[in-house]
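Visitor: Just the structure for this:
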Amino acid sequence: MKILTKYHKAIGIIIILSVLGSFYLLKDGIRIDNSLDIWFVQDDEVFENYTDFRKRYSNDEIVAIYVRSVDAFDIKVVEKMMLMSSEIDSLDFVHSVFSPASAPFIAATSLGPRISALLPSVPQSEHQINIFKNRINSYPHYKSLFFDKYEKGFMVYAMLRAVEGELSNPEYVTEIKEIVNKYFYQAHYGGIPIINEALNNTTAKESAKVSILSILAVIVLLFVFLRKWRYVVISVLSVLIPVIWLFAAFTYFDGAFNMITVVIPTLLLITGTATSIHIVNICHREFVSSSASVEESLKKALKYVFVPCLFTATTTMAGFISLYASSIEVIKQTGILAAIGVALVFICSFVVTAVAFLLFPPKKEKLNYQSIQLASKTNLITGFFSKVNIKQPKLVMIIFPLTIVIALFSITKMRTETYPFDYLEKNSTVLNDNFIIEENVGPFLPVEILLIKDSAFNLYDIQKVIDFKTKLNETGYFANLFSTADILGYLNSALYKSDNHYFPNNVVVAERLLQIYLQNRTDKFQKYDNEDFTELRISATTKIASSADYEIILEKIFAAFNEVFTNSEGITLSPRGYLPMYVEMNNHIIWGQIRTFLIAFFLILALIVLCFKSFKLALLSLLPNLFPIALILIVMWMFGIAVDQSTAVITCIILGVAFDDSIHLMYAYQKERKKGASAKVAADISLDRTASAMISTSIALFAGFAIIASSSITGLSYFGILCAIAVTGSLLGNIWLFPLLLGKLK
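Guide: Presented below is the predicted three-dimensional model:
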C-alpha cells in the first residue's frame, strides 16, 4: 500500500504505456485457428495412426468443389474445368487434384497396360468429348464420384499436402476459392478445411459481437449498481486493461484464439465486474463515512476487502486451472488463459482503484438513496426465503438433496456427442453447400480403412476384401467404395476388352492380373496398398455427421469385417483417417470432464479449508454449490443437450464461480462468530451484509452469460444458457440453503 500511495502517478503512467504497447501488439489483429490439431489428442494412438496414414497413403483433408453448369460435358465447361484444376494443382499446399479429366484410365497396349488420364489434354473437338464421356461411363465408380444425377454439375477434389507435425491451414481455402471464381460463377464447397475456414470466420464475428455486447452490459450494470460515472470508468478499466494485456501477451507468443477461448474475454469481464463492484463499493463507503485522510481511508477499505476477494479469485482460478487436466489441447488452453486472466483482473482491480481514488478522491457525501433502495429490495428477497424457512423448515432440505439425486440419475441418461455444424451459424453457407452437394452428388467425406496382414495378400484374401466391400455397401452408410480389387477389375476389363469391371473368378486369369498389377503399380492411381502388399486400403465416402453417428459407422465396419474374415486368416482391421479420431475425441471429453471436475472439486475444497481453517465449514458449503451443477445436469438431460467441447468445461467454471458468493458469506459469518454471536444470529447478520453484493454479482454474471446465450452458434448458445441457469441456482443455494445450514452449525 505504501508503494501505491507513494508512486501512484508513476504506476498510472506505466499502466497507460502498457495499454498503448498492448494495442501496438494487437495492431495486426488476433489470429484465429480452429484447425484439427487443437481438437484432438496428439500423443494418442488414434491421432498417431491418422498422421501415419496421411504420410504413407493419403490426406483425407480434401476440399470438395461442386460446380453447377448447364452441361458438365460441354466442351467449354470441360476446358475450364481442366484449366481450373491445373491451376489449383500448382499451389504449393495442394498435393494433387482429382478431377474427371485427371482420373486414371487403364488401356491395353502391345507392351502391356498403360495408365493415363481419362482426358490427357484439353479437348479440341466433340469427338474427344465423346471418348471422354464413354470412358467415364465405363468406370461406374468415377461416374458416381464426379457427376451429379443429371450430369449438369461435376466435382473436383483438391487434396491438401500433408506436412509432418502439422495439419492444413484453413486459410488455404481462400486461395482455392479465388481460382475457382476465375472460371465459374456458381460453385459449392465441402470438406473439413471448408468447415475450419467457416469456423474461423464465425469465431471472429461472434468474438466481436459478444465482446462489444459484454462491455455495454458491464457499463449498464455498473451504472445501476454504482450510480456514478467515475466509478463506472474505474471498474470498466479495472477489467478491460487486464483483458487487453492478456490478448496482447497471447498474440506476442504467437497464440491463436478459437471458438472456445473466444468466450474468455466475456468470462473475465463478468467475473471481474463482480470483484470490481465489491472493491469500489467498499472504498466509496469508507471515503464518505470516514473523516480520515484519503490514504488512510483507502488503506482501510482495501485491507477490508482484500481477503475475501483473494479467496474468491483463488477459487475461480482453481476452477479454470483444473481444465488443464483435460487431454484436449483447446480445453487446456482455455483453462490456463482464463486462470491467468482472473489473476490479472484481481491485481488490476486493486491497483487501478487505488490509483484512481488517489488521483481523483471522491467528495464527502451522504449515502446514495438508490443504494439504500437497492438494499431494501435485497432485504425483501432474503426476507422471503427466511419466511419460507420458518413456515416450511423441511422444504429446503427436501428440494436441494432431491435435486442432486435427480442429477445423479440424469448423468446415466446423458450423451456425449460433437457435431461440427453446431459451431457454425444456423444460416451458414457451408451448411447450405454441404446439403446441396450431398443431395445432388452424394456423400463426400472420406472414410479410410486399412486391412493389415503379416504376409502378402493372396487371391483368396482379395476375394474376401470384395465380400467385405459388399457388406459395407449393404449398410447404406457408404458410397464410392474403392480398393485394389477395383483396380484389378478395371485392369481385367482393359486387358480382355470386356465390359466386366469385376475381379475374375478364374484363378489363372486372376493370378495373371495380380502379377501384372504388382509389376506395373504407379502413383497415377492413389496408393491403395503398400510395397510388400501386406496392407490393403479401402476408401469410401460418407455424410458429414455427429461423432455418435460416426461411432455407429465404425461399429458397422467392424461388424462387416467380423462377418467376412476369421481370426485364422491373420488379417486385422484398422480404421484410419478422420472418423476414428473424431469418435475417440468423445472418450477424451467424457474422461476429461470427470477428471477436471474432481480436480476442481477437491482443489476448491482444500482452498476453503486452508482459507477458513474449518473442514466442517468447507463440507457444509458443498451442498449449495453442487446445486447449480445439479441443475445443469438435469436441464441437459431433459432437453437432450449433449456433452461436447463447449459444455464439457461448464461444471469446472461454475464450480469456481459459485463458491465466490459462499466465500463472502462464510467470511462475514466467521467474523460474527469471533465476536461472540450464535450460529443463527451470525448467519442472519452475514446474509444481511452480503446479500446485496451476491444478488448484484449474480445479476452481472447472468447478464454476461445471457449475452453468450444469444450467440448464433448452437454450441456457444448452450454454454451461455446453462451457465445462466447455474448462476441462478448458485444464488438460490447461497441465499436460501446456505444460511440455514450455517445457522445450525455448532
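Visitor: Now do the same contact list for the spatially closest residue to residue 633 that is not a sequence neighbour.
Guide: Distance criterion Cβ to Cβ, 6 or more residues apart in numbering; nearest residue to residue 633, sequence neighbours excluded, is residue 407 at 4.2 Å. Every residue, glycine included, has its C-beta placed from N, CA and C. Shown in contact with residue 407 (Cβ atoms under 8 Å, 6 or more residues apart in numbering): 629-631, 633-634.
Visitor: nearest to residue 588, of the residues you listed?
Guide: Here the nearest of the contacts of residue 407 to residue 588, counting by Cβ to Cβ, is residue 633; it sits at 19.8 Å.
Visitor: Surely the closest one touches residue 410?
Guide: Yes - with contact defined as Cβ atoms under 8 Å, residue 633 reaches residue 410; the gap is 4.9 Å.
Visitor: More neighbours: which of the two?
Guide: A direct count of neighbours by other Cβ atoms under 10 Å for residue 633 and residue 410 places residue 633 higher, at 24 against 17.
Visitor: Now do that one, the pLDDT please.
Guide: Per-residue confidence (pLDDT) for residue 633: 92.
Visitor: before we move on, which element is it in?
Guide: Taking DSSP states H and E as the definition, residue 633 sits inside helix 622-638.
Visitor: and if you look at residue 446?
Guide: Short version, using DSSP H and E: residue 446 is in strand 445-453.
Visitor: Can you give me the distance of residue 200 to residue 190?
Guide: To residue 190, residue 200 is 16 Å away according to Cβ to Cβ, to the nearest Å.
Visitor: Looking only at neighbour counts, state which of the two leads.
Guide: residue 190 (26 against 23).
Visitor: Distance of the closest residue to that one other than its chain neighbours relative to residue 98?
Guide: Leaving aside its sequence neighbours, residue 190 sits nearest to residue 64 (Cβ to Cβ, 6+ apart; 4.2 Å). According to Cβ to Cβ, residue 64 and residue 98 sit 10 Å apart.
Visitor: any shared contact partners between those two?
Guide: Common neighbours of residue 64 and residue 98 (Cβ under 8 Å, 6+ apart) are 156-157.
Visitor: can you give me the helices for the stretch 351-500 of the chain?
Guide: Assignment of helices within the stretch 351-500 of the chain using DSSP state H, counting those that start in this stretch yields the ranges 369-391, 395-411, 429-440, 459-474, 484-495.
Visitor: so of those helices, which one's packed in deepest?
Guide: Among the helices of the stretch 351-500 of the chain, helix 484-495 has the highest mean neighbour count (mean count of other Cβ atoms under 10 Å), at a mean of 21.
Visitor: That one packs against which elements?
Guide: For helix 484-495, the elements it packs on are strand 104-109, strand 112-117, helix 459-474, helix 507-519, judged by 3 or more Cβ pairs under 8 Å, 6 or more residues apart in numbering; DSSP states H and E.
Visitor: Using a markdown table, lay out those together with distance to residue 646 and mean pLDDT.
Guide: Compiled in a markdown table, these are given as follows (distance: least, Cβ to Cβ, whole Å; pLDDT from 0 to 100):
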| stretch | distance to residue 646 | mean pLDDT |
| --- | --- | --- |
| strand 104-109 | 44 | 79 |
| strand 112-117 | 46 | 78 |
| helix 459-474 | 33 | 92 |
| helix 507-519 | 49 | 83 |
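Visitor: Using the three-state scheme, assign residue 119.
Guide: coil (DSSP: H, G, I helix; E, B strand; the rest coil).
Visitor: List phi and psi for the residue nearest to it when sequence neighbours are not counted.
Guide: Computed as Cβ to Cβ, 6+ apart, the closest residue to residue 119 that is not its neighbour in sequence is residue 101, at 4.0 Å. Main-chain dihedrals, residue 101, degrees, to the nearest 10: phi -80, psi -40.
Visitor: returning to what we had before: parallel or antiparallel, which strands does the strand holding residue 446 pair with?
Guide: strand 535-542 (antiparallel), strand 571-576 (antiparallel) (DSSP bridges).
Visitor: who wins for proximity to residue 440 among these?
Guide: Closest approach to residue 440 among those is made by strand 535-542 (14.0 Å; Cβ to Cβ).
Visitor: neighbouring contacts of the closest one?
Guide: 57-58, 145, 442-453, 457, 461-462, 465, 468-469, 472, 477-484, 526-529, 553, 579.
Visitor: 7 Å - rerun?
Guide: 57, 442-452, 457, 465, 469, 472, 477-484, 528-529, 553 (Cβ atoms under 7 Å, 6 or more residues apart in numbering).
Visitor: Now which of the residues you listed would you call buried?
Guide: Neighbour counting with 16 or more other Cβ atoms under 10 Å marks 57, 442-451, 457, 465, 469, 472, 477-484, 528-529, 553 as buried within the contacts of strand 535-542.
Visitor: follow-up on the earlier one: which other helices and strands does the following helix or strand past the helix holding residue 633 contact?
Guide: Going down the chain from helix 622-638, the next helix or strand is helix 650-674, by DSSP H and E. Counting contacts by 3 or more Cβ pairs under 7 Å, 6 or more residues apart in numbering; DSSP states H and E, helix 650-674 packs against helix 294-321, helix 578-612, helix 622-638, helix 679-709, helix 714-732, helix 738-743.
Visitor: sorry, back to before: out of the helices and strands packed on helix 484-495, which gets nearest to residue 604?
Guide: helix 459-474 (49.5 Å).
Visitor: For the closest one, name the packing helices and strands.
Guide: If you count contacts as 3+ Cβ pairs under 7 Å, 6+ apart, helix 459-474 packs onto strand 479-482, helix 484-495, helix 507-519, strand 535-542, helix 547-564.
Visitor: now the angle between helix 547-564 and it, please.
Guide: 140 degrees (axes from the mean of the first three to the mean of the last three Cα atoms, to 10 degrees).
Visitor: Need the contact partners of helix 459-474.
Guide: Contacts of helix 459-474 (Cβ under 7 Å, 6+ apart): 451, 453, 478, 481, 483, 485, 503, 507, 510-511, 514, 536, 538, 540, 557, 560-561, 563-565, 571.
Visitor: make it 8 Å
Guide: Taking Cβ under 8 Å, 6+ apart as the rule, helix 459-474 contacts 451, 453, 457, 478, 481, 483-485, 488, 502-503, 507, 510-511, 514, 536, 538, 540, 556-557, 560-561, 563-565, 569, 571.
Visitor: So for residue 213, which of the helices and strands packed on helix 484-495 sits nearest?
Guide: Closest among the helices and strands packed on helix 484-495, using Cβ to Cβ: helix 459-474, at 48.5 Å.
Visitor: quick one, the closest one and helix 507-519 angle?
Guide: Put simply, helix 459-474 runs at 90 degrees to helix 507-519, going by the same axes, to 10 degrees.
Visitor: quick revisit: now the helices and strands packed on helix 484-495 in TSV, with distance to residue 30?
Guide: TSV is the format used below for the helices and strands packed on helix 484-495 (distance: least, Cβ to Cβ, whole Å):
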stretch	distance to residue 30
strand 104-109	44
strand 112-117	44
helix 459-474	44
helix 507-519	52
